[in-house]
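Participant: Prediction below, plus the sequence it came from.
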Amino acid sequence: MTSPRLGVRKTYKLYVGGAFPRSESGRSYPALDADGKVMARPARASRKDLRDAVRAARAAWKDWSGATAYNRGQVLYRVAELMEGRREQFVHEVEATGAAGPAADREVAAAIDRWVWYAGWSDKVHHLAGTVNPVAGPYFDFTFPESTGVVGVVAPQEPSLLGLVSRLAAVVVSGNTAVVLASERWPLPAVTLCEVLATSDVPGGVVNVLTGYTKELVPWLASHMDVNALDLTGVPDDLVPAVEAAAAENVKRTVRDGPTDWFDDSAQSPYAIIDFMEMKTVWHPMGA
Amino acid sequence: MAKKLERREDRRPAQAGPWQYAPAPEARDIVAIKSRYGLFVGGEFVEPRSGRYFDTINPATEEKLAEVAEAGPADVDLAVQAARRAWERSWRDLPGRDRAMYLYRIARALQERSREFAVLESIDGGKPIKESRDVDLPLAAAHFFYYAGWADKLGYAFPGRSPRPLGVAGQIIPWNFPLLMAAWKLAPALATGNVAVLKPAETTPLTALLLAEVLQEAELPPGVVNIVTGAGETGAALVKHSDVDKVAFTGSTEVGKSIRRLVAGTGKRLTLELGGKAANVVFEDAPLDQAIEGIVNGIYFNQGHVCCAGSRLLVQESVFEPLLDKLKDRLQTLRVGDPLDKNTDVGAINSAAQLRKIEELVESGIDEGAEIYQPECALPERGFWFCPTLFTGVSQSHRIAREEIFGPVLSILTFRTPDEAVEKANNTPYGLSAGVWTEKGSRILWMTQRLRAGVVWANTYNRFDPSSPFGGYKESGFGREGGLHGLEPYLELVPANGSGQR
C-alpha cells in the first residue's frame, strides 16, 4: 500500500546579489495566511543583510545604468514573460492573502501587465524628461535624465504583488538598482518574484529583496550613506517623520506616492520613473 | 590674515608687478540707500513686531549701509498669512495671462533700473560691478521674462498632467547672487500660481528690498510676494511655519540638511540647491589658453562665492607644468579691489565670517602639506579681502580637496587616464557641476555620461541661462531651477482626464 505523496515545501529566502541566502542572523518569522495559518517561515533580514544588499546594488549599478535603454527594456520585458509562466504559483500565493480566486487572478494579471508597461518606457522616458535648451548665447545646451543610483524601495503592505511591481518596475527601468523591503504581512509573492528575476536576464544585484520586519529595517535603509533615494510608499505613517529625517544625512531623494486604486491606470505613470532620475544639463560652445 | 600665511617665505615671487590701471569707479549716486528698512509684508513696508534691526555693511569698506528689520516668528507668521490671503483672494484664480503680465512688468523694470540694481548689489555684497552689471542683472531680468511666458502655457508643460499650484512657497536664498537668486525663486513660483515669502541672506538684503519697490510699481497684488529679512532663525521660522506648502532653499549643504530634517514628516514639498566641490577636468589635448580662461572664470568669478565653482582642477599629468605656468601668469593679471571699479576682476569677500572660513581652510591646506601660490596682490586696508590663491600638490584626502571653501582658492590635482579623471572627479559627496576641457568630441560625451553632476560645462564654465535647468546630484541637493524642469517643484501634477495612458 502506498502513502499519498507529501509535497516539497519551499524555503523562502532573501534575494541579494543574485543569490538566495538565509538571513545571516539565522532568524525567520512566520508568514500567516489570511486565516492565520503559518504558510511559511521567510527570512527575517538583519541590518547586516541590508548592508550586504546595498553593496550588491551598488556593485550592479554601473553596468545596469550603463546598459542601453533598449537592452534594459528587453530584459524587463523578459521578466513579464517568466511571470506569465509562473502565474499559477503567484495566484496561489496571492490567494493566501485573502483574495478570492478571480481577484487573485486579476491582481497577478495586472502585475504582469504593469511590468510590461514600465519596461516599454526604458527608451521613451528620455523624450518626456529631456530638453534642448535655447540659451541666449552660442552654446549647445541640453538636459537629459539619468538614473539616481541605489534606491531603497519600501513596498506597500498590499496588494502584495501588484504594489511591489508597480513601485519596483518604475525604479529599475531607468537604470537604478534597488534594495526592496517586501511587504511584511504578505512576503511570499515578493520572494517568488525574486525567483523569476533570478531565472530571467536581470543581472544579479539589480534587484535585492529583503523580507522581515519593516520597522526594524527601515531606519537602517533610511540612514545608509550609499543609498541615493527612497520610495517610502510602504512606510507606515508614524515612521515617516523619523525616516525622512534620517534621509537628510546624505540628502536622499524621498518619494511617497500610493495610489488609491492600484488596479487603475492612474497607478502607473512615467512621472513615477522620473521621480527616481537626475537631470543632467550639458553645455558646449558652438563655433567654426 | 592668519600668521602662517604672513610668514610664508617660499612663496614664488611674482614675475612682474601688477599692472597699473587708472581708477574707473562706477558712480554710486544712482543708488539711494535708506537708513532703515522694514519688512515687506502685504505689499507694504512694515515695522517688525520683533522690534529688532540689524546692520548691513559694505564688505569692501566695512561702512554701515543701513539698518534692516529682523523678522521674528510673529513677523514670519504675518508674512505667511498675507501670502495665504493673497493666494486665496486673487492669485490662485488669476488667469495665467495676467500672472504673465505682472512678471513681464517686473522683467522690464529690472532692465530699466539695471544700473541702479547692479551698483547696489556690488555695494552690499562686494562683487565686482563688471559682474553684477553683466551677469547678475541681465540674468535676473531674463529669468522673470522667461517664466512670464510660461505662466499661461503650463498646460503644455507636462503631458498627461494638469498642473496645480501648491500655495505658499517659503524661499530662502544665499548672499552670493542676491537678486539673481531672488529671481530664480520668485519667477517660477509666481508663474505657476504660487505666492511667496522670500528670506534674503542677512549680509545682502538690499537688492531684494529694492525689488520690493519694483513689485509695488508693477502693482503686483499685495501679499503675492513678501520679504522677511533676518538670519538663520528667521529662515527656520519660515521653514517650520505650518501654513507653508513648499520650501525652496539655496545655500550650504549643512543648512540644507537641517532644513530637510525640519520638513521631515510634514508633507511640505522641498527643493534644495546646496554646496559643491566641482571638478574642472583638463585633458592634454585641451586648448590650453581657452582652458586657462575657463579655470579662472570657474574659480575666481564672484570671489569663488559660487556653489558650482570649479574648485578642484584635475589636470592630465602631461600638461600640468605648462598649464600651471600659464595659470600663474594669468593670476598675476587679476585685479583685486574696489568692487565699484569697472576694471576689478575680484571684489571683496562677502563677510568677515566668510573670510575667516576661507583663511581657516587655506591654513589647513598649508598644514596638510599642499603648496600654496598667490600672485603679488595689494589689498585695501579696510574691508574683507582674499588674494586669488591656488594650491598644488593637493591629495584627495586634503580638506581643501574635499570641503567647499566658497572663496577664490583653487586646489589642483593631476591624473593620467580618463578613468582616473572620472574616479577623482566623482570622489566627493557633492554633485552640482563639473567641467571638461578637451578637443575630442567623443571624450566629452564619454565624460559627460560618467560625471555625477547636474551641470556639465564642456570647453566652457559657469554659464547660466533661464532656459537651462540647474541643480545637483547627491549631497548638492535635489530639484532643478530654470527651464521646463524648474516649473515642476512648484506644481502638483494631477492626472489629466483621458491622459495618454491608454
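Facilitator: Arrived safely. Numbers count the residues shown, from 1 in each chain, chains lettered A, B, ... in the order given.
Participant: Leaving aside the residues adjacent along the chain, what's closest to the closest residue to chain B within the stretch 151-288 of chain A?
Facilitator: In the stretch 151-288 of chain A, the residue that lies nearest chain B is A:Pro241 (2.7 Å; C-beta to the nearest C-beta). The C-beta positions use only the backbone N, C-alpha and C, and glycine is treated the same way. The shortest distance from A:Pro241 to any non-neighbouring residue, by C-beta to C-beta, 6 or more residues apart in numbering or on different chains, is to B:Gly265 (2.7 Å).
Participant: Please apply the same query to A:Lys280.
Facilitator: A:Glu146 (5.6 Å).
Participant: can you list the residues of the stretch 101-250 of chain A near chain B?
Facilitator: Contact residues (C-beta under 8 Å from any C-beta of the partner chain) of the stretch 101-250 of chain A with chain B: A:128, A:131, A:133-137, A:139, A:141, A:143, A:148, A:228, A:240-245, A:247-250.
Participant: what number of residues lie near residue 54?
Facilitator: All of this is about chain A. 22 (other C-beta atoms under 10 Å in any protein chain shown).
Participant: My question was about chain B, not that one.
Facilitator: 15.
Participant: sec struct for it, please.
Facilitator: strand (DSSP: H, G, I helix; E, B strand; the rest coil).
Participant: pretty sure it is in contact with B:Glu202, am I right?
Facilitator: Yes. Taking C-beta atoms under 8 Å as the contact criterion, B:Phe54 and B:Glu202 are neighbours in contact, 6.5 Å apart.
Participant: Name the residues contacting each of those two.
Facilitator: B:Val68, B:Gly230, B:Ala231 (C-beta atoms under 8 Å, 6 or more residues apart in numbering or on different chains).
Participant: hmm, which of the residues you listed are the buried ones?
Facilitator: With neighbours counted using 16 or more other C-beta atoms under 10 Å in any protein chain shown, the shared contacts of B:Phe54 and B:Glu202 contain these buried positions: B:Val68, B:Gly230.
Participant: Put together a markdown table for the shared contacts of B:Phe54 and B:Glu202, with pLDDT, distance to B:Ala370 and secondary structure on each row.
Facilitator: Putting the shared contacts of B:Phe54 and B:Glu202 into a markdown table (pLDDT from 0 to 100; distance: C-beta to C-beta, whole Å; DSSP: H, G, I helix; E, B strand; the rest coil) gives the following:
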| residue | pLDDT | distance to B:Ala370 | secondary structure |
| --- | --- | --- | --- |
| B:Val68 | 98 | 39 | strand |
| B:Gly230 | 98 | 38 | coil |
| B:Ala231 | 97 | 33 | coil |
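Participant: Which of the shared contacts of B:Phe54 and B:Glu202 sits closest to chain A?
Facilitator: B:Ala231 (21.1 Å).
Participant: so what's the closest one closest to, chain neighbours aside?
Facilitator: B:Glu202 (4.3 Å).
Participant: Read off the pLDDT value for residue 138.
Facilitator: With no chain named, the answer covers chain A. Looking at A:Pro138, its pLDDT is 98.
Participant: nope, chain B please
Facilitator: 98.
Participant: if we can go back for a sec, counting neighbours, what do you get for the residue nearest to B:Ala231?
Facilitator: 19.
Participant: Tell me the pLDDT of the closest residue to A:Gly18 other than its chain neighbours.
Facilitator: The spatial neighbour of A:Gly18 that comes closest, neighbours along the chain excluded (C-beta to C-beta, 6+ apart), is A:Gly204 at 1.8 Å. pLDDT, A:Gly204: 98.
Participant: check contacts around A:Gly204.
Facilitator: A:Gly204 neighbours (C-beta under 8 Å, 6+ apart): A:Gly17, A:Gly18, A:Ala19, A:Ala56, A:Ala60, A:Ala198.
Participant: separation between it and A:Gly85?
Facilitator: 20 Å (C-beta to C-beta, to the nearest Å).
Participant: SS state for the residue in chain B that chain A sits nearest to?
Facilitator: Per C-beta to the nearest C-beta, B:Gly265 is where chain B lies closest to chain A, at 2.7 Å. For B:Gly265, the assignment made with three-state DSSP gives coil.
Participant: tally of neighbours for it?
Facilitator: Neighbour count of B:Gly265, defined by other C-beta under 10 Å: 16.
Participant: low pLDDT regions in the chain?
Facilitator: Went with chain A since none was named. A:1 (pLDDT under 70).
Participant: actually it's chain B I care about, not the one you picked
Facilitator: B:1-19, B:498-502.
Participant: Would you mind splitting it into its domains for me?
Facilitator: B:36-274+B:476-495, B:276-466 (automatic domain parsing).
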